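>>> Take a look and give me a structure for this.
(one chain, ligands or ions: 1)
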Amino acid sequence: MTDQERIRYSRHLSMPEVGPEGQRKLQAARVLCIGAGGLGSPAALYLASAGIGTIGLVDFDTVDLSNLQRQILHGTKDVGRKKLDSACDRLRDANPNIEIALHECRFSATNAVDLVANYDVIVDGSDNFPTRYLSNDVCVFAHKPNVYGAVFRFDGQTSVFAPHLGGPCYRCLFPEPPPPGTVPSCAEAGVLGVLPGVIGLLQAIEAIKLVLQIGEPLVGRILHFDALKMNFRQFNVRRDPRCPVCGENPTITAPIDYEQFCGAQRDVPEMSVHELKQKLDAGESVELIDVREPFEYKIARIDGAKLIPLGELTKRLGEIKRNGQTVVHCHSGVRSANAVQLLKQAGFNDVFSLAGGIDAWADEIDPAMQRY
Ligand SMILES: [Zn+2]
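Numbering: from 1, shown residues only. Below is the predicted model:
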């Protein structure tokens with residue numbers, strides 16, 4: 001340790017639970033953060049400052065203005081940059097003495113095993129089920145602790161999934177991903193900006209404890225945080241001997257990509273943005289229904305679209321023409337697929353979900369449109 005490092009880490013060095021030996025463990029440790037977003041930002045920032053010797057970041061996204069409400073690794077000047085680039089700049093500024101390994105890719109079945117193999121602890125900062133299940137499974141295979149975190153509006157939870165340390169894995173609790181479209185994404189449901197800060201930092205603390213092998217890790221426990229009630233509760237969770245990945249007779253023994261599965265809606269007819277554009281240009285009578293929320297409609301809308309938020313759809317069916325073609329759109333296509341299923345059940349026949357939603361429209365048809 002250099003003189004500079006002794007000063008930098010002096011508050012750690014004076015703690016008996018860390019001390020010079022612990023600080024050397026932190027310096028030798030390799031932690032992989034999946035995602036440089038809401039959870040990954042605070043986690044990676046504090047792990048870097050704490051002196052974790054190698055921090056890996058997996059991300060493929062670019063910084064968007066709507067990220068800055070919570071993704072504190074990135075600043076206003078970074079909008080449009082790759083998240084990995086702005087994250088790397090910030091982390092190097094926080095601590096130039098550590099290695100930062102950038103993995104610019106989607107965490108997928110093809111690379112997950114190799115990525116996880118290079119690290120001691122995995123911090124799952126993902127915001128979607130395909131990645132969460134993949135991270136869980138691969139960590140079980142590799143006997144690496146998976147520090148889990150999830151946020152929703154004012155609520156968050158965290159745990160350490162580590163069957164090799166005696167606790168359950170994520171699949172012991174939730175064996176299979178939920179059906180596509182049944183759980184709203186962060187973008188759809190919203191999240192208090194500070195909330196992922198709290199959960200991401202709890203994940204960072206658990207990662208550090210695992211490296212130092214001190215205290216009681218959140219193995220076999222889920223900690224739930226309710227920001228409105230300002231209340232932490234914990235639940236004991238057990239390993240399920242019938243778990244498909246860590247149980248006695250596992251049926252999942254290789255990484256699975258849920259991407260196609262989770263992204264696709266079954267039995268929902270779709271229309272592409274180009275098809276819709278052609279129909280509108282040709283003056284065909286197509287009724288366009290926008291099932292997003294009013295605040296989204298204010299950000300961007302397709303001319304002529306009628307706003308009926310998904311939650312109001314069943315009681316406003318009377319506002320939709322029955323004798324004509326209906327195209328439903330949302331932000332990216334999940335809510336509209338649900339809406340189409342609802343409309344079909346209500347007897348609408350000629351109804352389509354706009355593939356990719358207004359985001360695809362902005363990308364492929366109207367580049368001047370505000371994206372979010
Ligand atoms: Zn399990």
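
>>> Can you find the helix or strand in this protein with the smallest mean pLDDT?
helix 259-263 (a mean of 49; mean pLDDT, DSSP states H and E).

>>> following that helix, which helix or strand comes up?
Remark: after helix 259-263, the chain's next helix or strand is strand 270-271, criterion DSSP states H and E.

>>> Check whether the residue lying closest to C243 once chain neighbours are set aside sits in a helix, strand or coil.
Closest residue to C243 apart from its sequence neighbours, by C-beta to C-beta, 6 or more residues apart in numbering: C172 at 4.5 Å. The way it works is simple: take the backbone N, C-alpha and C, and place the C-beta from them, glycine included. With DSSP: H, G, I helix; E, B strand; the rest coil as the basis, C172 sits in helix.

>>> can you check A44 too?
helix.

>>> May I have the phi/psi pair for the closest residue to it other than its chain neighbours?
Closest residue in space to A44, ignoring its immediate chain neighbours: C33 at 4.8 Å, by C-beta to C-beta, 6+ apart. Dihedral pair for C33: phi -100, psi 120, per degrees, to the nearest 10.

>>> Which residue is it, in the stretch 1-150 of the chain, that comes closest to the ion?
V140 (6.6 Å; C-beta to the ion).

>>> What is the helix or strand that contains that residue packed up against?
According to DSSP H and E, V140 maps onto helix 129-142. Judged by 3 or more C-beta pairs under 8 Å, 6 or more residues apart in numbering; DSSP states H and E, helix 129-142 is in contact with helix 112-117, strand 121-124, strand 146-152, strand 155-161, helix 170-173, helix 259-263.

>>> isn't S41 right next to G200, touching?
Yes: S41 is in contact with G200 according to C-beta atoms under 8 Å; the separation is 6.6 Å.

>>> neighbour-wise, which of these two wins?
G200 (33 against 25; other C-beta atoms under 10 Å).

>>> Show the model's pLDDT score for the more buried one.
G200 carries a pLDDT value of 98.

>>> Based on its surroundings, how many neighbours for D363?
13.

>>> How about the backbone phi and psi for it?
Dihedral pair for D363: phi -70, psi -40, per degrees, to the nearest 10.

>>> for A101, same thing?
phi -100, psi 120.

>>> go on, Q234?
According to degrees, to the nearest 10, Q234 has phi -120, psi 150.

>>> need the contact list for the residue nearest to C243.
The neighbourhood of C172, defined by C-beta atoms under 8 Å, 6 or more residues apart in numbering, consists of 163, 237-240, 243, 246-247.

>>> now, which of the residues you listed lie close to the ion?
With C-beta under 5 Å from the ion as the criterion, the contacts of C172 include 243, 246 near the ion.

>>> Most neighbours among the contacts of C172, which one?
The residue in those with the most neighbours, by other C-beta under 10 Å, is C246 (25 neighbours).

>>> Shouldn't it be within a helix?
No: counting by three-state DSSP, C246 falls outside a helix, being coil.

>>> In this model R239 seems to touch it, though I could be wrong.
Yes: counting by C-beta under 8 Å, C246 touches R239, with 6.7 Å between them.

>>> Overlap of the contact sets of the two?
Jointly contacting C246 and R239 under the rule C-beta under 8 Å, 6+ apart are 163, 168-169, 172.

>>> Tell me the one of those nearest V18?
Of all the shared contacts of C246 and R239, V18 sits closest to P163, with 27.7 Å by C-beta to C-beta.

>>> Do you know the pLDDT at the closest one?
Looking at P163, the pLDDT reads 98.

>>> State the phi and psi torsions of the residue found closest to it once you drop the neighbours it is linked to in the chain.
Spatial nearest neighbour of P163, excluding adjacent residues (C-beta to C-beta, 6+ apart): C246 at 4.0 Å. Per-residue torsions, C246: phi -110, psi 10 (degrees, to the nearest 10).

>>> what does the one 4 residues further on give?
Listed backbone geometry of P250 is phi -60, psi 140, with angles given as degrees, to the nearest 10.

>>> Find me whatever residue is spatially closest to it, sequence neighbours aside.
For P250, the closest residue by C-beta to C-beta, 6+ apart turns out to be P244, at 6.2 Å.

>>> That neighbour and Y170 touch, don't they?
No: P244 lies out of contact with Y170 (C-beta under 8 Å); the separation is 11.0 Å.

>>> Could you find the residue nearest the spatial middle of the protein?
Centroid-nearest residue in the chain: D127, 1.1 Å away (criterion: C-alpha atoms, centre = their mean).

>>> Would you mind listing the residues in contact with the residue lying closest to D359 once chain neighbours are set aside?
Excluding its sequence neighbours, the residue lying closest to D359 (C-beta to C-beta, 6+ apart) is S332, at 5.1 Å. The contact partners of S332, taken as C-beta under 8 Å, 6+ apart, are 187, 356-357, 359-360.

>>> who in the stretch 101-250 of the chain is up against the ion?
Near the ion, the residues belonging to the stretch 101-250 of the chain are 169, 171-172, 243, 246 when assessed by C-beta under 5 Å from the ion.

>>> need these in TSV with pLDDT, can you?
As requested, those are exported to TSV (pLDDT from 0 to 100):
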residue	pLDDT
C169	97
R171	94
C172	93
C243	95
C246	97
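
>>> Dig out what the closest residue to G166 other than its chain neighbours forms beta bridges with.
Leaving out its chain neighbours, the residue that sits closest to G166 by C-beta to C-beta, 6+ apart is V219, at 6.3 Å. On the basis of DSSP bridges, V219 is bridged to V160.

>>> still on that earlier bit, who does the residue nearest to A44 bridge with?
Taking DSSP bridges as the rule, C33 bridges to L57, V123.

>>> gap between it and D127?
13 Å (C-beta to C-beta, to the nearest Å).

>>> Understood, closing this out.
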